[in-house]
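Asker: Quick one, what's the 3D model for this:
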Amino acid sequence: MAVDMSMPILIVDDYKTMLRIIRNLLKQLGFNTVDEAADGSAALAKMRTREYGLVISDWNMEPMTGFQLLKEVRADDSLKATPFIMITAESKTDNVVAAKKEGVNNYIVKPFNAATLKTKISAVLGDF
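Answerer: Sure thing, here's the model as predicted:
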């Protein structure tokens with residue numbers, strides 16, 4: 001099944017520069033429908049008003065972390081099927097294991113480039 005390049009993607013990060021970088025990488029890959037949220041609670045609010053084909057979220061944010069967002073999404077029947085990729089600066093095994101246990105689809109460690117992002121998205125959604 002081909003990946004719908006027009007599907008909306010939600011990127012979540014409290015660091016504006018990181019949002020811009022991820023948006024630009026997604027654009028390079030051909031995704032143009034990208035929404036942004038500055039933390040987990042803002043992301044959750046957006047997810048309840050629009051269906052996203054993918055969520056790419058940073059781990060460390062205040063007041064709601066990406067990990068808390070993941071748990072909320074997986075606990076919500078209307079959102080739990082949403083593909084979810086977690087981004088973090090720390091490659092702690094405990095974090096990876098915890099995120100996997102909560103149902104994260106994939107994991108990216110910063111810094112990363114368009115090729116890494118494409119590989120991780122392909123692993124979750126299929127080749128594009």
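
Asker: CA atoms for contacts and neighbours, from now on please.
Answerer: Fine.

Asker: Show me the beta-bridge partners of residue 35.
Answerer: Here residue 35 sits in beta bridges with residue 10, as judged by DSSP bridges.

Asker: which stretch of helix or strand covers the residue nearest the centre of the chain?
Answerer: In the chain, the C-alpha closest to the average C-alpha coordinate belongs to residue 56, at a distance of 1.1 Å (CA atoms, centre = their mean). If you go by DSSP states H and E, residue 56 is part of strand 54-58.

Asker: where exactly do the helices run in this structure?
Answerer: With DSSP state H applied, the chain shows helices at 16-29, 40-47, 66-75, 93-101, 114-125, listed in chain order.

Asker: Do you know the pLDDT at residue 82?
Answerer: Predicted confidence (pLDDT) for residue 82: 98.

Asker: List the buried residues in the lowest-mean-pLDDT helix or strand in the chain.
Answerer: In the chain, the helix or strand scored least confidently by mean pLDDT, DSSP states H and E is helix 93-101, which has a mean of 92. Of the residues in helix 93-101, those scored as buried under the neighbour-count criterion (16 or more other CA atoms under 10 Å) are 96, 99.
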